[in-house]
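Enquirer: build the 3D model from these lines:
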Amino acid sequence: MSSQNRTTVRLPLRMRVMRGGLAALDRVAPSLAAGVGSRLWFRVPPATPAERRRARTPAGGEPFEVGADGLTVRGRAYGDPQAPVAYLVHGWGGHWQQLSAMVEPLREAGYRVVAYDAPSHGDSPGGSHGPHASSVMELARSYALVVERHGEPALTVAHSLGSMAVLWAARHHDTRLGALATVAVATEAEELLVAFRRMTGLGARSGQRLLQRIERSIGVPIAAFHGPTLVGEVLDGAAAPLLAIHDRADADSPTRVSERLVASWPGGELVLTDGLGHHRILWASEVVERVSAFAARQPA
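Expert: Okay, here's the model as predicted:
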């Protein structure tokens with residue numbers, strides 16, 4: 001058994017109470033439990049306080065805002081406007097400052113660095129799902145909008161579900177796929193559903209009803225959100241460099257997701273770390289250095 005499967009994470013009290021309540025509801029009213037679960041599925045976790053985000057914001061940079069399709073996306077751009085663009089894409093419930101350790105090294109590598117908050121994340125307001133909620137499709141559309149404003153990506157660094165958003169944007173919004181560095185990737189909806197059911201206490205009957213509700217809401221089958229399949233559709237014989245970094249002790253997304261993504265990606269490189277988890281990995285010096293070295297190898 002891999003180390004991430006042995007990792008035990010103690011949930012906060014409110015999550016344990018919710019899990020116990022949903023597990024009880026699941027046994028007597030699976031349809032009702034699935035309805036509650038579907039609302040939680042699109043619910044974005046509480047935001048990190050603004051003062052903590054500001055404390056991680058590098059000095060300088062130019063704030064920007066883009067909007068379309070009912071979305072407003074806010075972010076910041078650093079460096080020479082004429083330089084090749086590197087995008088920083090956070091994951092579900094995150095904010096762009098989680099990747100702020102990448103800003104200066106990527107600037108030094110010759111990039112203009114563009115970072116932003118997806119709808120209902122960080123400084124960006126909610127979109128079609130309302131405040132405090134979103135979807136991977138909105139994350140993908142927000143990435144596409146930012147790219148439309150700042151130019152084709154020479155490099156994208158994406159965390160967790162942000163990687164899925166980048167692949168979905170490439171497939172459904174014709175966003176060019178440049179070099180891609182993923183950190184703690186989450187690109188398989190089936191794995192996300194398993195983790196969600198484990199976290200919420202939903203059983204098999206309510207889990208099936210939950211899947212049906214999600215698919216009705218988004219209008220596409222959940223199987224469409226599968227990284228290796230999207231890679232085949234996006235690359236279609238083209239070449240794009242991939243660096244995938246994942247921690248063996250990641251309790252949120254297992255390393256097998258990165259392993260399968262790399263196996264589907266011609267020339268993809270996998271780097272495994274130890275003891276960094278799902279979030280601390282973003283500012284670990286060894287990871288920042290590895291991403292910086294990967295960025296420096298890419299042609300302008």
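Enquirer: wasn't Leu192 part of a helix?
Expert: Yes - per DSSP: H, G, I helix; E, B strand; the rest coil, Leu192 lies within a helix segment.
Enquirer: how close does it sit to Ala263?
Expert: Relative to Ala263, Leu192 is positioned 19 Å away (CB to CB, to the nearest Å). The C-beta positions use only the backbone N, C-alpha and C, and glycine is treated the same way.
Enquirer: near Thr273, how many other residues are there?
Expert: 21 (other CB atoms under 10 Å).
Enquirer: is it true that it touches Ile281?
Expert: Yes - applying CB atoms under 8 Å as the test, Thr273 and Ile281 come out as touching, 6.3 Å apart.
Enquirer: quick check: neighbours shared by the two?
Expert: Each of 245, 247, 287 lies in contact with both Thr273 and Ile281 under the rule CB atoms under 8 Å, 6 or more residues apart in numbering.
Enquirer: can you list the residues you listed in TSV and add secondary structure and distance to Arg216?
Expert: Rendered in TSV, the data for the shared contacts of Thr273 and Ile281 read as follows (DSSP: H, G, I helix; E, B strand; the rest coil; distance: CB to CB, whole Å):
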residue	secondary structure	distance to Arg216
Ile245	strand	35
Asp247	strand	35
Val287	helix	39
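Enquirer: most surrounded residue in these?
Expert: Most neighbours among the shared contacts of Thr273 and Ile281, by other CB under 10 Å: Asp247, with 28 neighbours.
Enquirer: about what we covered before: with neighbour numbers in mind, choose between Leu192 and Ala263.
Expert: Leu192 (22 against 11).
Enquirer: show me what contacts the more buried one?
Expert: For Leu192, the contacting residues are 161, 186, taking CB under 8 Å, 6+ apart as the criterion.
Enquirer: tell me the pLDDT of it.
Expert: Note on Leu192: pLDDT of 91.
Enquirer: CA atoms of stretch 45-59 as PDB?
Expert: Coordinates of the C-alpha atoms in stretch 45-59 are reproduced here as PDB (Å, rounded to 0.1, in the frame of the first residue of the first chain):
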ATOM      1  CA  PRO A  45     -14.300  26.100   0.900                       C
ATOM      2  CA  PRO A  46     -14.100  29.200   3.100                       C
ATOM      3  CA  ALA A  47     -11.600  31.700   1.700                       C
ATOM      4  CA  THR A  48      -8.300  32.400   3.300                       C
ATOM      5  CA  PRO A  49      -8.500  35.700   5.000                       C
ATOM      6  CA  ALA A  50      -7.500  38.700   2.800                       C
ATOM      7  CA  GLU A  51      -4.700  39.800   5.100                       C
ATOM      8  CA  ARG A  52      -3.000  36.400   4.900                       C
ATOM      9  CA  ARG A  53      -3.300  36.500   1.100                       C
ATOM     10  CA  ARG A  54      -1.800  40.000   1.000                       C
ATOM     11  CA  ALA A  55       1.100  38.900   3.200                       C
ATOM     12  CA  ARG A  56       2.100  36.400   0.500                       C
ATOM     13  CA  THR A  57       1.600  38.900  -2.400                       C
ATOM     14  CA  PRO A  58       5.000  39.800  -4.000                       C
ATOM     15  CA  ALA A  59       5.800  43.500  -4.300                       C
END
